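# Quick check, what structure comes out for this input:
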Amino acid sequence: MAITINGSGTITGVSAGGLPDNCITADDLATTLDLSGNTITLPSGTGGKVLGYKRIFDGAGTNVTVANTWVNIACSDVNYTVVGDNSTFIYSLNLNKESDWTLPANSAHRVKYSLNGATATVLTYMYGDSGSNDEAGERLTSINVMIPSSIGASAGDSLVVEVDFIQNSSQSSYFNQVIYTTQIASGDFKANGYIMELA
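You can find the predicted model right below:
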């Protein structure tokens, strides 16, 4: 096809890939590119590509009053449908914890995942709570874990991630709830986080 320079300032007849390499620089591109409705394909083998994302924003409250028993923190749960094969997953969560302890105690939490119904623990670690009368008390708890590609997730699989809590006392621990501050109602706190899938 012949290349035509039109009087309107346009050029026709240039086939895809017909321009010499490196002849277009970043300065030649528009400041804003509208790629809506298009698909961008990255080179194969490029790690770190985001395949999927789901936000966690939940106000469900959990009150733990038993000792030496793992209890699920309801606001931490996320059910995610896997996009790719053998992906890595990042789980991140911030939530409020408050305790009503009058005696020293210790506690821990663990992050678990269930892939198509098969459950495994990713991480377990201790809190530093040991004071009485909740001196350590009200706090923002941050949880960040990586679920490795070795779990073998495939596109379409159901991946459920949750946080469980355990304490060595039957005193009360509250998540997404308050017990002392009347200006903030239970339910005003929201667990805020996400799960992200990476290639």
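# alpha carbons only for contacts and neighbour counts from here, please
Will do.
# ok, longest strand in this structure?
The residue-count maximum for a strand in the chain (DSSP state E) belongs to strand 88-100.
# I'd like the distance between residue 64 and residue 85.
Using C-alpha to C-alpha, to the nearest Å, residue 64 is found at 37 Å from residue 85.
# who has more neighbours, the two?
With neighbours defined as other C-alpha atoms under 10 Å, residue 64 and residue 85 compare such that residue 64 has more, 22 against 14.
# Quick one: residues contacting the more buried one.
71, 171-174 (C-alpha atoms under 8 Å, 6 or more residues apart in numbering).
# Bridge partners for it, pull those for me.
In this entry, residue 64 is beta-bridged to residue 173, by DSSP bridges.
# Contacts only, for the residue lying closest to residue 151 once chain neighbours are set aside.
Leaving aside its sequence neighbours, residue 151 sits nearest to residue 86 (C-alpha to C-alpha, 6 or more residues apart in numbering; 7.4 Å). The contact partners of residue 86, taken as C-alpha under 8 Å, 6+ apart, are 149-154, 199.
# what's residue 86 sitting at in phi/psi?
Backbone torsions of residue 86, given as degrees, to the nearest 10, read phi 50, psi 40.
# hmm, back to that, from the contacts of residue 86, which ones fall inside helices?
Cross-referencing those against helices under DSSP state H gives no overlap.
# now for the contacts of residue 64, which pair is the farthest apart?
71 and 171 (13.7 Å; C-alpha to C-alpha).
# correct me, but residue 66 touches residue 174?
No - counting by C-alpha atoms under 8 Å, residue 66 does not reach residue 174; the two are 11.9 Å apart.
# These two: which has the busier surroundings?
Per other C-alpha under 10 Å, whichever of residue 66 and residue 174 has more neighbours is residue 174, with 19 against 16.
# Spit out the contact partners of the more buried one.
61-64, 97-99.
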